[in-house]
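Peer 1: What would the 3D arrangement of this be:
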Amino acid sequence: MNQLLKEKISKICNEKIEQKGENVGLSFYAFFANKNDDSETLMQVATWWIQTHQLDHFEKATKIKQLISQET
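Peer 2: Residues are numbered from 1 along each chain as shown. Below you'll find the model as predicted:
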C-alpha cells in the first residue's frame, strides 16, 4: 500500500475517532466515495483488509490505525 493511501486511511480514522469516540467501527468502504471511481485502489484496500489481515466487515478505527502504522 502506498504512503499516500496509508495517510488517507489514518486521517479518516482520526476524524471518525474524533467525531464518534474510540469505539467507532469502520469498513474499508469508509475510505472511498459512494461511487466506484477508483476500482484499483478499492481492490488494493479490500485485499489488504480481507486477505492480508482477515478483518471483519467492521473493525475499530483504532485497530485500523495501528495496523496501518505498522506497515513498512
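Peer 1: pLDDT-wise, which helix or strand of this protein ranks last?
Peer 2: One helix or strand of the chain scores below all others by mean pLDDT, DSSP states H and E: helix 39-46, with a mean of 92.
Peer 1: Next, the buried residues of that helix.
Peer 2: Of all the residues in helix 39-46, those buried under the rule 16 or more other CB atoms under 10 Å are 41, 45. In short, each C-beta sits where N, CA and C put it, glycine included.
Peer 1: how far out from the middle of the chain is it?
Peer 2: Averaging C-alpha positions (CA atoms, centre = their mean, to the nearest Å) puts helix 39-46 11 Å from its chain's average.
Peer 1: For stretch 6-13, buried residues please.
Peer 2: Neighbour-count burial for stretch 6-13 flags 8-9, 12-13 (criterion: 16+ other CB under 10 Å).
Peer 1: And these, which is closest to residue 41?
Peer 2: For those, the residue nearest residue 41 by CB to CB is residue 8; the value is 9.4 Å.
Peer 1: dump the residue contacts of the closest one.
Peer 2: residue 31 (CB atoms under 8 Å, 6 or more residues apart in numbering).
Peer 1: how near is it to residue 69?
Peer 2: 14 Å (CB to CB, to the nearest Å).
Peer 1: Now do stretch 23-41: everything it contacts.
Peer 2: By CB under 8 Å, 6+ apart, stretch 23-41 touches 5, 8-9, 12-13, 16-17, 42, 45-46, 48-50, 57-61, 64.
Peer 1: Can you give me the end-to-end span of it?
Peer 2: 26 Å (CA to CA, to the nearest Å).
Peer 1: when you give positions from now on, start the count at 43
Peer 2: From this message on, residue numbering opens at 43, which makes the last subject stretch 65-83.
Peer 1: Show me how far it is from its chain's centre.
Peer 2: In terms of CA atoms, centre = their mean, the centre of stretch 65-83 is found 8 Å from the chain centre.
Peer 1: What are the buried residues along it?
Peer 2: Residues 66-68, 70, 72-74, 83 are the ones in stretch 65-83 that count as buried (16+ other CB under 10 Å).
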